[in-house]
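K.L.:
fold the following for me, if possible:
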Amino acid sequence: MEKRLMENLGISPSLLGFGCMRFPVTADGKIDEATTEKMLDRAMELGVTYYDTAYPYHNGDSEPFVGRVLNKYDRSSYFLATKLPIWLVESREEAEKKFYEQLERLDKEYVDFYLIHALDKERFEKMKELDIVSMCEDLRSKGKIRYLGFSFHDDYEVFEEIINYHHWDFCQIQYNYMDTEIQAGDKGYRLAEEKGIPMVIMEPVRGGLLSGFSQDIEDMFRKVNPDKSVASWALRWVASHPNVKVVLSGMSDPAQVEDNLNTFNNFQPLSDKEEETVKQVVDTLRARVQNRCTGCRYCMPCPQGVNIPDSFRIWNDYHIYQKYGVVKDRWEGMKDEEKPKNCVECGACEEQCPQKINIREDLKRVQAELDAPQWK
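P.N.:
Numbering: from 1, shown residues only. Okay, the predicted model is just below:
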């Protein structure tokens with residue numbers, strides 16, 4: 001199993017990390033404990049040493065389940081990561097109480113990697129207001145936390161502000177070959193590298209969207225390397241960045257575990273030819289984009305409550321990835337009052353749009369295409 005040295009910490013976790021958010025589930029939505037335990041055991045057997053969970057994963061069942069399974073193994077043989085759900089606490093005291101609740105759920109004396117979960121601008125301000133970093137440093141001094149970091153979901157400017165706020169031990173971002181210009185992106189990767197802060201990567205396969213494509217796209221990959229899975233290309237692209245120390249994969253069946261173990265045992269960075277293939281794939285996928293929406297949200301709030309950026313994001317993904325089932329779930333999960341059908345064509349959004357998108361006409365297309373009979 002490939003390992004990467006975190007130079008600032010003097011430790012070398014496995015390059016493949018097991019994300020504990022997408023375990024297989026039973027018919028009633030509970031973790032399929034028998035199958036999942038075998039998956040975790042197999043990962044341990046083949047040298048995976050980084051396990052990433054969080055308070056809300058699997059409706060709160062992930063932390064206690066992962067803790068129970070890992071109790072079979074020597075505590076020094078793995079790194080355990082979990083996260084503070086800052087949206088659930090309103091004071092430093094509540095945050096500390098939540099941490100000790102997590103320790104109890106995990107049945108552990110300490111957490112190796114503790115993250116402030118899913119920071120954006122609003123949660124960052126709350127983190128500062130509640131003095132959360134100081135609390136975590138106090139817990140570190142008591143031996144309850146070894147390394148402190150944050151996970152992130154917002155724009156680059158917010159990432160820059162957060163990463164410069166504290167001398168973080170590590171950070172966790174969403175990063176893959178399709179998300180180089182959104183959230184922290186390439187600029188965030190370079191900034192962390194310059195600061196000597198190691199990176200843990202989530203969504204390397206973009207929630208499964210990069211694990212399979214239409215035949216023409218998959219043929220581009222197979223022409224160069226017919227023996228490698230499509231998902232492995234996405235994982236290797238991320239892992240070919242030297243400051244990426246852990247690539248999290250939310251494995252949901254034994255076959256994914258085996259494929260990922262195969263990718264990270266005797267890991268090979270992308271060759272120049274493979275890098276060029278990925279660029280060609282990205283160019284082909286991006287050519288399917290229906291409009292130039294960047295998600296800047298200058299068009300918001302809509303007076304009628306339409307969620308314009310999310311509508312366009314779902315619509316563009318529908319055309320880019322042609323993963324109809326995935327996009328269907330997102331579309332049906334959108335609140336009815338936020339859908340484009342509520343647009344009254346006032347045009348206020350178009351006056352604010354830096355990309356000069358014909359928003360009113362495109363919203364009509366979104367509603368028509370995503371409500372088409374194929375969805376029924």
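
K.L.:
how many residues are close by the residue nearest to Glu37 when sequence neighbours are not counted?
P.N.:
Closest residue to Glu37 apart from its sequence neighbours, by CB to CB, 6 or more residues apart in numbering: Val69 at 5.4 Å. For every residue, glycine as well, the C-beta is placed using N, CA and C. Val69: 19 surrounding residues under other CB atoms under 10 Å.

K.L.:
am I right that Val69 is in contact with Leu40?
P.N.:
Yes. Using CB atoms under 8 Å, Val69 is in contact with Leu40, at 5.0 Å.

K.L.:
chain center to the helix or strand containing Glu351, what's the gap?
P.N.:
Using DSSP states H and E, Glu351 sits in helix 348-352. Centroid separation between helix 348-352 and its chain, computed with CA atoms, centre = their mean, to the nearest Å, is 31 Å.

K.L.:
that one: what's the following helix or strand?
P.N.:
From helix 348-352 onward toward the C-terminus, using DSSP H and E, the following helix or strand is helix 359-370.

K.L.:
same for that next one, what does it pack against?
P.N.:
Packing partners of helix 359-370 (3 or more CB pairs under 8 Å, 6 or more residues apart in numbering; DSSP states H and E): helix 308-321, helix 348-352.

K.L.:
and the angle for it with helix 308-321?
P.N.:
50 degrees (axes from the mean of the first three to the mean of the last three CA atoms, to 10 degrees).

K.L.:
contacts only, for Ser134.
P.N.:
Going by CB atoms under 8 Å, 6 or more residues apart in numbering, Ser134 touches Arg92.

K.L.:
separation between it and Asp155?
P.N.:
Using CB to CB, to the nearest Å, Ser134 is found at 26 Å from Asp155.

K.L.:
span of stretch 106-126 from start to end?
P.N.:
Across stretch 106-126, the terminal residues are separated by 26 Å (CA to CA, to the nearest Å).

K.L.:
could you list the domains of this protein?
P.N.:
The chain is divided into the following domains under automatic domain parsing: 16-271, 308-375.

K.L.:
by contact count, what packs against the lowest-mean-pLDDT helix or strand in the chain?
P.N.:
When each helix and strand of the chain is scored by mean pLDDT, DSSP states H and E, helix 324-333 comes last, with a mean of 84. The helices and strands touching helix 324-333, judged by 3+ CB pairs under 8 Å, 6+ apart, are helix 308-321.

K.L.:
got the CA coordinates for the helix it packs on in CSV?
P.N.:
Output of helix 308-321 as CSV, limited to C-alpha atoms (Å, rounded to 0.1, in the frame of the first residue of the first chain):
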residue,chain,number,x,y,z
ILE,A,308,-31.1,29.6,-10.0
PRO,A,309,-27.5,28.3,-9.4
ASP,A,310,-28.6,24.9,-8.2
SER,A,311,-31.1,24.6,-11.1
PHE,A,312,-28.3,25.2,-13.6
ARG,A,313,-25.9,23.0,-11.8
ILE,A,314,-28.3,20.0,-11.9
TRP,A,315,-29.1,20.8,-15.5
ASN,A,316,-25.5,21.0,-16.6
ASP,A,317,-24.5,17.9,-14.8
TYR,A,318,-27.5,16.1,-16.5
HIS,A,319,-25.9,16.9,-19.9
ILE,A,320,-22.2,16.5,-18.8
TYR,A,321,-22.3,13.1,-17.1
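
K.L.:
pLDDT of that helix, averaged?
P.N.:
Helix 308-321 shows a mean pLDDT of 92.

K.L.:
now the domains of the chain in CSV, with distance to Val282?
P.N.:
Shown next, in CSV, are the domains of the chain (distance: least, CB to CB, whole Å):
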stretch, distance to Val282
domain 16-271, 6
domain 308-375, 10
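
K.L.:
out of these, which one sits most buried?
P.N.:
Among these, ranked by average contacts under mean count of other CB atoms under 10 Å, first place goes to domain 16-271 (a mean of 18).

K.L.:
just checking, Thr53 touches Val66?
P.N.:
Yes. With contact defined as CB under 8 Å, Thr53 counts as touching Val66 (4.9 Å).

K.L.:
show me what contacts Glu137?
P.N.:
Contacts for Glu137 (CB under 8 Å, 6+ apart) come out as Leu148.

K.L.:
and it, that one's in a strand?
P.N.:
No. Checked against DSSP: H, G, I helix; E, B strand; the rest coil, Glu137 lies outside a strand; its state is helix.

K.L.:
from Glu33, how far off is it?
P.N.:
Distance from Glu137 to Glu33, counting by CB to CB: 36 Å.

K.L.:
ditto for Ser12
P.N.:
For Ser12, the distance to Glu33 (CB to CB) stands at 30 Å.

K.L.:
Asp227 now?
P.N.:
Noted for Asp227: a distance of 33 Å to Glu33, by CB to CB.

K.L.:
one more: Gly295?
P.N.:
Taking CB to CB, one finds Gly295 at 38 Å from Glu33.

K.L.:
circling back: what helix or strand is the residue nearest to Glu37 on?
P.N.:
Going by DSSP H and E, Val69 is part of helix 62-70.

K.L.:
that older thread, name the residues that touch the helix holding Glu351?
P.N.:
In this structure, residues lying in contact with helix 348-352 by CB under 8 Å, 6+ apart are 298-300, 302-303, 308, 356-360.

K.L.:
just stretch 266-284 next, same as before
P.N.:
Stretch 266-284 is contacted by residues 2, 15, 177-178, 213, 216-217, 220-221, 224-225, 233, 236-237, 239-240 when judged by CB under 8 Å, 6+ apart.

K.L.:
closest to Glu337 among those?
P.N.:
Checking those against Glu337 by CB to CB gives Met178 as the nearest, at 29.6 Å.

K.L.:
ok, the closest one touching Gly207?
P.N.:
No. The pair Met178 / Gly207 is not scored as a contact, 11.0 Å apart, by CB under 8 Å.

K.L.:
quick check: pLDDT value at the nearest residue to Tyr110 once chain neighbours are set aside.
P.N.:
The shortest distance from Tyr110 to any non-neighbouring residue, by CB to CB, 6+ apart, is to Lys144 (5.2 Å). As predicted, Lys144 sits at a pLDDT of 98.
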